[in-house]
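In: Predicted model, plus sequence, below.
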Amino acid sequence: YGSTRPERILAEVKRKATRGDARSVVDTIDQYCRHQEWAMNVGDEKGTILDSIVCEVKPRAMLELGTYCGYSAVRIASLLPPNSRLITMEFNPVFAAIARQVIAWAGVEDKVVLIEGPSGDWIPKMKKEFGLTSFDLVFLDHWKDCYLPDTKLMEECGLLRTGSILVADNVICPGAPDYLEYVRGSPRYESKYFRSHLEYTTVEDGIEKSVFLG
Ligand SMILES: O=c1[nH]cnc2c(O)cc(-c3ccc(F)cc3)cc12
Ligand SMILES: [Mg+2]
């Protein structure tokens with residue numbers, strides 16, 4: 001039996017990245033996925049946009065929906081202020097197992113909590129499970145069909161406060177048209193599109209940043 005793509009990415013990280021050095025893990029994955037085999041990390045171009053938003057917001061409590069191999073969790077965690085926490089949620093157990101090891105290799109495990117399971121099940125439990133009031137910043141990077149229902153669920157569960165920011169990957173490719181229509185049309189959001197490209201390609205994609213107005 002062959003290895004999976006996430007397993008090959010982890011092997012490359014262990015072979016090439018410096019243990020405890022988050023940037024070298026990020027750069028190793030970008031090199032591998034640009035030159036060896038494509039994978040659905042947010043990537044270097046859109047990652048720079050995400051970095052600028054994380055640095056601007058300096059979130060105390062951040063949520064990521066969709067961990068995959070942990071590339072963006074490592075990227076985000078390396079920018080978080082002390083006493084901040086990234087909770088990252090992954091539905092696929094194979095991806096979650098790899099992501100845990102990538103996060104550990106990067107040395108950011110004390111800033112990241114990885115939870116496994118469907119976002120729809122976990123979102124209603126977040127406050128109680130993690131003693132949270134609300135999230136300062138949410139990165140949506142899981143499944144395009146879940147962006148809108150999960151956003152509405154976060155609203156209903158009181159996980160968004162005035163000023164909470166949603167950052168959504170792939171709003172053009174693969175695309176999340178119902179989500180875009182909602183955040184751009186709703187008076188409860190101030191939305192802005194950051195044009196970019198699908199990771200490691202020249203195909204158009206972009207990131208939508210939406211401020212919840214309460
Ligand atoms: O399913 C996805 N979840 C999160 N991020 C993704 C991402 O950045 C890209 C893609 C993707 C884009 C084009 C394609 F031909 C095949 C897959 C999927 C996801
Ligand atoms: Mg993505």
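Out: Now that the structure is in, tell me what you want to look at. Residues are numbered from 1 along each chain as shown. Ligands and ions are numbered 1, 2, ... in the order given.
In: can you tell me which helix or strand the closest residue to ligand 1 within the chain belongs to?
Out: Nearest residue of the chain to ligand 1: residue 40, at 3.8 Å (CB to the nearest ligand atom). (C-beta placed from N, C-alpha, C; glycine too.) Following DSSP states H and E, there is no helix or strand that holds residue 40.
In: Tell me how many other residues crowd the residue of the chain found nearest ligand 2.
Out: Closest residue of the chain to ligand 2, CB to the ion: residue 169 (3.7 Å). Residue 169: 31 surrounding residues under other CB atoms under 10 Å.
In: so what's it up against?
Out: Going by CB atoms under 8 Å, 6 or more residues apart in numbering, residue 169 touches 42, 46, 50, 139-141, 205, 207.
In: Can you give me the pLDDT of the residue nearest to the residue of the chain closest to ligand 1 when sequence neighbours are not counted?
Out: By the measure of CB to CB, 6 or more residues apart in numbering, the closest residue to residue 40 outside its immediate chain neighbours is residue 68, 6.1 Å from it. Residue 68 is assigned a predicted lDDT (pLDDT) of 99.
In: State whether residue 68 is indeed within a helix.
Out: No: applying DSSP: H, G, I helix; E, B strand; the rest coil, one finds residue 68 to be coil, outside a helix.
In: quick one, phi psi at the nearest residue to residue 188 once chain neighbours are set aside?
Out: Nearest residue to residue 188, sequence neighbours excluded (CB to CB, 6+ apart): residue 213, at 5.3 Å. When read as degrees, to the nearest 10, the backbone of residue 213 gives phi -100, psi 0.
In: need the contact list for residue 213.
Out: Residue 213 neighbours (CB under 8 Å, 6+ apart): 162, 187-190.
In: Next one, pLDDT for it please.
Out: 98.
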